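Next comes the sequence, and after it the predicted model I'd like to discuss.
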Amino acid sequence: MTRARKTKRATDSAATAAAARWTAGNPGTAPVPQGETSRLDALATLDILDTPPEEAYDRFVRLAAQLFEAPTALLSFVARDRQWFKARVGFEAEQTERCVSFCQFSVFANEPLIVPDALESPLFADNPLVLREPYIRFYAGVPIVLDGRHPIGTLCVIDYAPRARVEPSLMERLEDLAALVVSALERRRTEREYNTLRERELMMRGQALDAATDGVAFTDGFGCFTYMNDAHARIFGYERGQQLVGKSWSVLYDAAERRRMQDEALADAFTRGRWTGSAVGTRRDGTRFEQELSLSLMETGGLLCVARDVTERKAMEERTQQLERELLQQGRMEALGALAGGLAHEINTPAQYIGDNVAFLGACLNDLIPLMRGYRDALNDGALDRVQELEERAAACDFEFLADEVLPAVDQCAEGIARIREIVTAIKRYSHPGGAESAFVNLTEAVDLAGAISVNQWKYVATLEKRLPDDLPPVRCNVGDITQVLLNLIVNAAHAIEDAKRPTRGLIRIEARRDGEDVVLSVADNGVGVAPDIAEHIFDPFFTTKPVGRGSGQGLALSRSIVETRHQGRLSFESAPGEGTRFDIRLPIDGPRHA
């Protein structure tokens, strides 16, 4: 979908108008789109209804919820008489009746739908989901359109308070996420089709392979194509697969890629029976493109080749990664803003005694410089009779006291400047957006940075103790992301200790150890601990037990996403109510497999 979108951003959108016309003519019934039978058939090809949750789809609803800062996001499929949720955040039910569905109206009109306030909408004011639990007030959804013509469901966000306005850029990003959902569904369908084809193999290969959306081809033992479907030919810029039958596979790759394919792909396929990876093909017009390629050795000695052009998907993935980076940076800035008052105090304290010492040094110099000039002039003129007068002036300005205090005052100024430089440097390093790249870093750097940024949160209630061994190996990670996780855990620990209201200072201990191929960072406190009835919810987005203004409920959810999704590690915790909590950050030393 291009940026020149035709989406209407108001309640008088075509979706609402069309639904209103249907409702007026068919009271009490759910709207039925044109081509409902073919739409339901398209949904059936996915074989997705009532399947278990999958992380690939859960990720989309988490991103949608974070994008809109909404408590609920759903990936909904509208079936004949129900809507079923493949992925959901902040919504208990797995499905609802179609007749109460908001999503069906977006599907009906095949365009985005925004409901700023359901209680003010003639379509939804009497909806049971509005008048009773969960009391929906705001809805924004975009259709999931399969094959460019079958709206089978929506990606939507829900809030339980009305919203007067939705920024167009938010809806554009929601549409970007919906496009990624469509790509994932098409890959799912393609994989299902491919498995079906393999089961039937040669008996039905002609008709079935010609209808496949992936490129499929067979070669003989000499590497010449004996069959190629049109989809495979179109990937390489040809109209018909028959144009390449009888030609060598090598005509589709340049010299460098041919050598790599022979050394890696073909070697593995012929020795191990299968190879899967990426390859750079050359189209008929000479342009190069990236493809996913699978080679399987057949009993005939030839190869089964399955190819997929991933150019468009790569572009969408880059867009999603950019969106994730923007959300992470937004969270980083929000955390810094919440700590701003404390950081200002940490800078103001050394600045104040620097100012006092500079004023003292100025007064000292005001007394000492005239006195030193007097001694110099008396010595140069040989006027020893003036020495007595100068000594009296020295005694009057307490020269010995000044001489003893000047150097300590200078040292205090240098110490204060160093402290301010340390804080400012920490703020600059933490707030710098950086990139998505991982590098081998010493985790001590992240610990020190998080401790410096959060110092005003913990120094009045606890001691921060660091136990990081000198032989701790560097870890491949994004140091900015891990710093953000540590900052969240340190601030939470300080709040837990403060809530414990003990007469003595608490303790926050940060430890690190190597465990096989991982490094484990632990942040432990002796605060109030986590009650058993809320322990299972602490990683849920927007879940918090803190008062308004003290926490958004996103810190631990974001931290788990950083550790487990971006770094393929694990974030876990143990807690004893009344005694304290320990969070463990487990990171693979060599970084995530996709790094």
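Structure's in. What do you need?

and the residue nearest to residue 147 when sequence neighbours are not counted, which of the three is it?
Spatial nearest neighbour of residue 147, chain neighbours left out: residue 42 (6.4 Å); criterion: C-beta to C-beta, 6 or more residues apart in numbering. The C-beta positions use only the backbone N, C-alpha and C, and glycine is treated the same way. The assignment at residue 42 comes out as helix when based on DSSP: H, G, I helix; E, B strand; the rest coil.

Give the partner strands of the helix or strand harbouring residue 524 in its sheet and their orientations.
For residue 524, the host element (DSSP states H and E) is strand 518-525. Strand 518-525 has these partner strands in its sheet, going by DSSP bridges: strand 506-515 (antiparallel), strand 580-588 (antiparallel).

any idea which of the ones you listed is most buried?
strand 580-588 (a mean of 21; mean count of other C-beta atoms under 10 Å).

chain center to that one: distance?
If you compare the mean C-alpha spot of strand 580-588 with that of the full chain, they lie 19 Å apart, counting by C-alpha atoms, centre = their mean, to the nearest Å.

before we move on, what about stretch 217-230?
When C-alpha coordinates are averaged (C-alpha atoms, centre = their mean), stretch 217-230 and its chain have centres 42 Å apart.

do stretch 161-171 as well
Averaged over its C-alpha atoms, stretch 161-171 has a centre that lies 21 Å from its chain's centre (C-alpha atoms, centre = their mean).

can I have the strand holding residue 524 written out in CSV, keeping just the CAs?
Coordinates of each C-alpha in strand 518-525 appear next as CSV, following Å, rounded to 0.1, in the frame of the first residue of the first chain:
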residue,chain,number,x,y,z
ASP,A,518,25.1,-17.3,28.7
VAL,A,519,25.7,-14.4,31.1
VAL,A,520,23.2,-13.9,33.8
LEU,A,521,22.7,-10.4,35.3
SER,A,522,20.7,-10.3,38.5
VAL,A,523,19.0,-7.2,40.1
ALA,A,524,17.9,-8.1,43.7
ASP,A,525,16.3,-5.9,46.4
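
can you count the residues close to residue 78?
27 (other C-beta atoms under 10 Å).

again with residue 101
Summarising burial for residue 101: neighbours were counted as other C-beta under 10 Å, giving 22.

Quick check: it touching residue 77?
No - counting by C-beta atoms under 8 Å, residue 101 sits too far from residue 77 to count as a contact (10.6 Å).

what's the average pLDDT for the strand holding residue 524?
In this model, strand 518-525 has a mean pLDDT of 94.

Off-centre distance for that strand?
Centre-to-centre, strand 518-525 and its host chain are 22 Å apart (C-alpha atoms, centre = their mean).

mind saving the C-alpha coords of whichever helix or strand comes after that strand as PDB?
Heading C-terminal from strand 518-525, the first helix or strand you meet, by DSSP H and E, is helix 532-535. Extracted C-alpha coordinates of helix 532-535, given in PDB (Å, rounded to 0.1, in the frame of the first residue of the first chain):
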ATOM      1  CA  PRO A 532       1.400 -14.200  44.400                       C
ATOM      2  CA  ASP A 533      -1.900 -13.000  43.000                       C
ATOM      3  CA  ILE A 534      -0.200 -10.400  40.800                       C
ATOM      4  CA  ALA A 535       3.000 -12.200  39.900                       C
END
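
which neighbours do residue 101 and residue 77 share?
The contact sets of residue 101 and residue 77 overlap at residue 83 (C-beta atoms under 8 Å, 6 or more residues apart in numbering).

number of nearby residues for residue 274?
12.

repeat for the one 5 residues further on
Residue 279 is surrounded by 19 other residues when neighbours are defined as other C-beta under 10 Å.

mind listing what the nearest residue to it once chain neighbours are set aside touches?
Residue nearest to residue 279 in three dimensions, not counting chain neighbours: residue 293, with 4.7 Å by C-beta to C-beta, 6+ apart. For residue 293, the residues meeting the contact criterion (C-beta under 8 Å, 6+ apart) are 265, 276-279, 305-308.

Which of these are buried? Put it as a ChimeraX command.
To isolate the buried members of the contacts of residue 293 in ChimeraX, using 16 or more other C-beta atoms under 10 Å:
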select :265,279,305,306,307,308
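
Any chance of the contacts of residue 293 in TSV with distance to residue 165, pLDDT and secondary structure as columns?
As requested, these are arranged in TSV below (distance: C-beta to C-beta, whole Å; pLDDT from 0 to 100; DSSP: H, G, I helix; E, B strand; the rest coil):
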residue	distance to residue 165	pLDDT	secondary structure
265	53	89	helix
276	47	90	strand
277	47	88	strand
278	43	87	strand
279	47	89	strand
305	52	90	strand
306	47	90	strand
307	46	88	strand
308	41	86	strand
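
Just give me the closest of the contacts of residue 293 to residue 186.
Taking C-beta to C-beta as the measure, residue 186 lies nearest residue 308 of the contacts of residue 293, at 10.1 Å.

That closest one reaches residue 232, doesn't it?
No - in this structure, residue 308 sits apart from residue 232 without contact. The criterion is C-beta under 8 Å, and the distance is 9.7 Å.

Now do the shared contacts for those two.
214-215.

Now do the SS call for the residue found closest to residue 32 once you drop the neighbours it is linked to in the chain.
Ranked by C-beta to C-beta, 6+ apart and with sequence neighbours excluded, the top spatial neighbour of residue 32 is residue 108, at 7.5 Å. Under three-state DSSP, the three-state class of residue 108 is helix.

burial of residue 108, as a residue count?
The number of residues packed around residue 108, counting by other C-beta under 10 Å, is 23.

Pretty sure it sits against residue 34.
No - between residue 108 and residue 34 no contact is recorded; they are 9.2 Å apart, counting by C-beta under 8 Å.

quick one, helices of the stretch 151-300 of the chain?
If you assign secondary structure with DSSP state H, counting those that start in this stretch, the helices in the stretch 151-300 of the chain sit at 168-200, 205-211, 230-235, 255-260, 267-272.

so how far is residue 568 from the residue nearest to residue 279?
According to C-beta to C-beta, to the nearest Å, residue 293 and residue 568 sit 25 Å apart.

same deal with residue 48?
Applying C-beta to C-beta, the value for residue 48 to residue 568 is 26 Å.

out of the two, which sits in the more crowded spot?
Taking other C-beta under 10 Å, residue 48 and residue 568 do not tie; residue 48 has more neighbours (19 against 15).

For residue 572, identify the helix or strand it belongs to.
Assigned by DSSP H and E, residue 572 belongs to strand 570-576.

what mean pLDDT would you report for that strand?
Predicted confidence along strand 570-576 averages 92 (mean pLDDT).

Next: stretch 142-151.
Averaging pLDDT along stretch 142-151 yields 93.

neighbouring contacts of that stretch?
For stretch 142-151, with C-beta under 8 Å, 6+ apart as the criterion, the contacting residues are 7, 33, 35, 38-39, 42-43, 46, 75, 77, 106-107, 110-112, 152-156, 171, 174-175, 178, 181-182, 185-186.

so residue 590 makes contact with residue 519?
No - here residue 590 lies out of contact with residue 519, judged by C-beta under 8 Å, at a distance of 10.6 Å.

Okay then, goodbye and thanks.
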